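S.K.: Predicted coordinates and the sequence they were generated for:
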Amino acid sequence: MRTLETAIQKLPRRLPVQKSGTAFRFFDNREKYLMFVTTCSEKWVIAKRLSKELRHISPVSNALYLFDAGLGDGTVLSHVMRALHRRFTHVPWVVVGKEISMEDVRLSLGKMADRFCEHPELVFVITNLKYKEAPTLMPSPPSTSEDLNWHEMALEGDTSEEFEQQIRTLNSKVTHGWQVKTVGKSGNLAYVRPSVVILYRKDREFTVGPLIPQPGKFVGAYDLIIASQPYRARVAAEFKVMNVLAPLAKAIAPGGRMVAIQSCGRDPGMEIVNRIWPDENPFSDGRQKLLNLTKDYLCSPDNRNLRYLDHSDKHARFRYHLHTMPSEVQRNIGTSTGLAAWNAAIYVAQIEDKRLEQALEKSNYLDIAREVVFKHGGLWFNDEAFVIARPRTKHAIAGQ
């Protein structure tokens, strides 16, 4: 473990620095993000992939505990919750979502009204804490817990409209609790104040009351952890493990599992990028490397029983597409489709604005995007999934 920490300390700064002196953070570009998620099917395909893992989940405690390590706009989580309801219809849930973006928090909360209607025995928690803190809902060091912005809301009524109206009143809490600041030369975002918001139905308080997290008393062990695109591809593998994957793996409950999903390239999207930047390769850290590093890092007795499941490419990799009509991928591809393809390609590859400006000066980027879309009859991207699981007993069941 010390070796990995030393390696991280020696890592060079990988993020380009703007003239202002702060590093550019690609994923803070709201316009690119919204265009990508609305024109591509990634979130729906990821939710479908995650739903396949539910057959391995069998909660042994008083509820099913789920942690989403990056809510985004809440699309993936809401789809997974629908699948969960079908499989665990009468099991109470505690669902915890981590998200630092104020706008994504609002979008995610907006998707929860119908979830409370379909699955009444639900405790939904949303927090801006770090990966190392979020599973237990407690900032570190514990001495800062007195500054914790903790808010509970018991939803009145029994219809999704009533729930939605009450959830909307949380906007002021979100505005207050989800302010951010940049940290150091890296430009990474951090919360101004650690915040936790908890929602549950008042008419189910007798059932879910004992499940509602309390400050400093929440164990944070989960039956399912979703880690969908939880880090930037260009960040060093050691950093991904130490700051994201390892802290989340520690929070896997007996019989539970974490499903991590990341981009892996080698697709028409990267073909567009490589036509502009031939040597570009943002996806150098494959799942095998990350699994091996995580296993080496989590060598303590408490985590030696974790199992690192690296399936074959056939089962680990999957693709998602740019939404297009058949008539849009003919030889004369329209400007809107070309722009959507270009935006998706540079978003997935995480190309910074400064480099984009250089590409735009060449003025042939749309022609390249159109050519690739026409060549393949559409545009798709490759993701890969890997699993870390904790067996209930010392003797794991093969194949799970």
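M.R.: Everything's here; your move.
S.K.: Give me the next element, helix or strand, following the longest strand belonging to the chain.
M.R.: Using DSSP state E to define each element, the chain has its longest strand at strand 252-263. Sequence-wise, the next helix or strand beyond strand 252-263 is helix 268-276, with elements assigned using DSSP states H and E.
S.K.: For the stretch 251-400 of the chain, which residues score under the pLDDT cut-off?
M.R.: Along the stretch 251-400 of the chain, the model assigns pLDDT under 70 to residues 331, 394-400.
S.K.: For His85, which non-adjacent residue is closest in space?
M.R.: The shortest distance from His85 to any non-neighbouring residue, by Cβ to Cβ, 6 or more residues apart in numbering, is to His119 (4.9 Å). (C-beta placed from N, C-alpha, C; glycine too.)
S.K.: so the one you found makes contact with Met81?
M.R.: Yes. Assessed by Cβ atoms under 8 Å, His119 is found in contact with Met81 at 7.0 Å.
S.K.: Which neighbours do these two have in common?
M.R.: Common contacts of His119 and Met81 (Cβ atoms under 8 Å, 6 or more residues apart in numbering): Trp93.
S.K.: Now do the helices for the stretch 251-400 of the chain: every range, in order, please.
M.R.: 268-276, 287-297, 313-316, 335-349, 353-362, 365-376 (DSSP state H, counting those that start in this stretch).
S.K.: cool, the stretch 51-200 of the chain as well?
M.R.: Ranges of helices within the stretch 51-200 of the chain are 75-87, 102-110, 113-118, 160-168, 171-177, based on DSSP H, counting those that start in this stretch.
S.K.: May I have the second one as PDB, with CA atoms only?
M.R.: Going back to what we said before, that points to helix 102-110. Extracted C-alpha coordinates of helix 102-110, given in PDB (Å, rounded to 0.1, in the frame of the first residue of the first chain):
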ATOM      1  CA  MET A 102     -25.700  21.200  -8.000                       C
ATOM      2  CA  GLU A 103     -27.500  20.900 -11.300                       C
ATOM      3  CA  ASP A 104     -27.200  17.200 -11.400                       C
ATOM      4  CA  VAL A 105     -28.500  17.000  -7.800                       C
ATOM      5  CA  ARG A 106     -31.600  18.900  -8.900                       C
ATOM      6  CA  LEU A 107     -32.100  16.600 -12.000                       C
ATOM      7  CA  SER A 108     -31.700  13.500  -9.900                       C
ATOM      8  CA  LEU A 109     -34.100  14.600  -7.200                       C
ATOM      9  CA  GLY A 110     -36.600  15.400  -9.900                       C
END
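S.K.: For it, what does the pLDDT average out to?
M.R.: In this model, helix 102-110 has a mean pLDDT of 95.
S.K.: From the contact counts, what lies against it?
M.R.: strand 122-127, helix 160-168, helix 171-177 (3 or more Cβ pairs under 8 Å, 6 or more residues apart in numbering; DSSP states H and E).
S.K.: Measure how far it is from the centre of its chain, please.
M.R.: 14 Å (Cα atoms, centre = their mean, to the nearest Å).
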